[in-house]
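*Asks:* Model the following, please.
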Amino acid sequence: MDVTTGTSSAENQSEENLDMMKNMFEDFYKVMEIYFDKQIIFPYMFLNDIQEVYDGEYDEANIYMLMLCDKLEIVEVVEEKLYILVIYKNVADGNKKEIKLYYNTFLGIDISKEYVKTSVEKFGIILKVEIEENAFTCLKNMMGMPSAISNVFRLNIYDLISICERKKITYDDYRVLYIGQSNPRSEYRTIFDRLRKHEKVTSIFSDYNLEYRDKELIVFILHAKSKLYNFASLVCLGSSKWQEYDSVGDKIDDTAIIDVAEAMLIYHLKPQYNIKLKDSIPNINMKIYNQLISAGLKRIEIGINLYMQTYKKRINLLTEEQKIKTGFRILKCDLTELFQKKQEAEIVYEDLPDYMYDIIQG
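*Replies:* You can find the predicted model right below:
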């Protein structure tokens with residue numbers, strides 16, 4: 001008997017068994033994470049402005065939320081020596097607050113107030129700041145800035161607060177009314193087309209004008225993407241930082257990802273207009289379910305990042321069923337649960353502690 005050969009065969013068989021067990025383990029715990037690599041929040045009334053300013057950056061976003069927040073209104077503007085003092089009020093309760101917009105916010109250097117002119121537009125929503133054209137041109141040339149930059153700045157009160165208070169974390173409550181999707185078609189080429197023309201959105205906007213006069217209608221748009229990871233992974237967050245994980249591949253198309261993201265968000269939050277309006281609670285159809293099964297998936301997870309890092313702004317999402325007051329929430333659902341129980345599916349969630357979130361985000 002060839003002892004060497006016998007030992008080699010045994011080792012090969014053992015390695016094959018280990019590989020088989022490893023593959024079985026990985027397949028059993030294979031999870032698709034849906035994350036949002038782009039997101040932006042703004043008042044619905046500035047829909048056209050946002051599309052123009054960002055020039056296509058968010059056109060392919062595929063999930064949106066319509067929400068309400070307290071309406072704010074600028075009541076007085078004072079041009080001080082170093083800053084613009086903005087006094088605004090909460091329309092709902094009449095309480096007034098003030099913020100300071102420093103002149104160096106615009107170009108990164110101090111500007112004398114003699115060259116600055118301010119006014120309020122759009123019924124107290126917009127602060128217009130105009131820097132004297134000759135002075136602005138000199139500053140642009142001195143700093144090597146593009147000539148196309150305008151000397152007129154328009155800031156809505158909500159962004160204005162975020163800019164002025166960016167050194168501290170702010171917390172804003174948003175009541176989620178409706179969650180929908182945008183999957184490009186001939187009549188809805190972009191998410192902005194969808195938000196302008198979709199009958200359910202226009203119905204909600206009509207109600208808003210009649211019933212919520214002391215509130216601001218807000219749009220939160222997101223771009224959903226996906227990746228795979230295995231159960232052994234310690235943490236997988238919905239952030240572009242984590243894209244080194246395997247992609248889902250060709251077995252699952254974008255429509256499936258969008259449908260699943262929309263469904264799980266609605267099942268979890270249960271916004272009032274998704275319940276109220278006809279055909280506004282989606283079901284995962286057999287074609288999409290088969291795609292997910294064919295890819296070997298066992299569970300779906302969605303990471304919702306509600307901390308706008310640029311302005312240190314925390315978004316709290318509120319409905320009758322849920323209150324999300326954490327920077328990051330993970331939704332989890334087994335695939336069979338999602339298909340069989342549909343809107344009654346059990347969506348398990350986990351909130352990432354703030355200290356852990358801060359460590360991961362750096």
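
*Asks:* Once you drop chain neighbours, what's closest to residue 299?
*Replies:* residue 31 (4.7 Å; CB to CB, 6 or more residues apart in numbering). To be clear about C-beta, it is placed using only N, CA and C from the backbone, and glycine gets the same treatment.

*Asks:* Residue 258 reaches residue 181, doesn't it?
*Replies:* Yes - in this structure residue 258 lies within contact range of residue 181 using CB atoms under 8 Å: 5.1 Å.

*Asks:* what's the overlap in contacts for those two?
*Replies:* Here residue 258 and residue 181 share the contacting residues 62-63, scored by CB atoms under 8 Å, 6 or more residues apart in numbering.

*Asks:* ok, now which ones touch the closest residue to residue 218 other than its chain neighbours?
*Replies:* Distances taken as CB to CB, 6+ apart place residue 67 nearest to residue 218, at 4.5 Å, with adjacent residues excluded. By CB under 8 Å, 6+ apart, the residues touching residue 67 are 174-177, 217-220, 317.

*Asks:* In strands only, show me those.
*Replies:* 174-177, 217-220, 317 (DSSP state E).

*Asks:* Among the residues you listed, list the two that are farthest apart in space.
*Replies:* 217 and 317 (15.2 Å; CB to CB).

*Asks:* the more surrounded of those two?
*Replies:* residue 317 (23 against 20; other CB atoms under 10 Å).

*Asks:* Please verify my assumption that that one contacts residue 270.
*Replies:* No - using CB under 8 Å, residue 317 is not in contact with residue 270; the gap is 11.7 Å.

*Asks:* mind listing the helices for the protein?
*Replies:* Remark: helices assigned in the chain by DSSP state H are 3-28, 47-54, 104-107, 133-143, 157-164, 191-197, 199-211, 254-269, 272-276, 286-294, 335-340, 354-361.

*Asks:* Among these, show me which one is buried the most.
*Replies:* Of all these, helix 254-269 carries the top mean neighbour count, a mean of 22, counting by mean count of other CB atoms under 10 Å.

*Asks:* Packing partners of that one?
*Replies:* Secondary-structure packing of helix 254-269 (3 or more CB pairs under 8 Å, 6 or more residues apart in numbering; DSSP states H and E): strand 31-43, strand 63-70, strand 170-181, strand 215-229, helix 286-294, strand 299-305, strand 328-334, helix 335-340.

*Asks:* Quick one: mean pLDDT over the last one.
*Replies:* It refers to helix 335-340. Mean per-residue pLDDT for helix 335-340: 85.

*Asks:* residues in contact with that helix?
*Replies:* For helix 335-340, using CB under 8 Å, 6+ apart, the contacting residues are 260, 263-264, 284, 289, 292-293, 297-300, 345-346.

*Asks:* Show me the two of these that sit farthest apart.
*Replies:* So for the contacts of helix 335-340, where distance means CB to CB, the most widely separated pair is 293 and 346, at 19.2 Å.

*Asks:* Low-confidence ranges, the stretch 151-300 of the chain, go.
*Replies:* Low-confidence segments of the stretch 151-300 of the chain, defined by pLDDT under 70: 184-187, 229-251.

*Asks:* Name whatever forms a beta bridge with residue 179.
*Replies:* residue 65 (DSSP bridges).

*Asks:* tell me the contacts of it?
*Replies:* Here residue 179 is in contact with 63-66, 262, 265-266, 269, 271, 274 (criterion: CB under 8 Å, 6+ apart).

*Asks:* Take those and write them to TSV, including distance to residue 57.
*Replies:* What follows is the contacts of residue 179, written out as TSV (distance: CB to CB, whole Å):
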residue	distance to residue 57
63	16
64	15
65	18
66	21
262	21
265	22
266	26
269	26
271	26
274	27
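
*Asks:* so which of those residues would you say is closest to residue 135?
*Replies:* Scanning the contacts of residue 179 for proximity to residue 135, where the rule is CB to CB, the winner is residue 64, at 40.9 Å.
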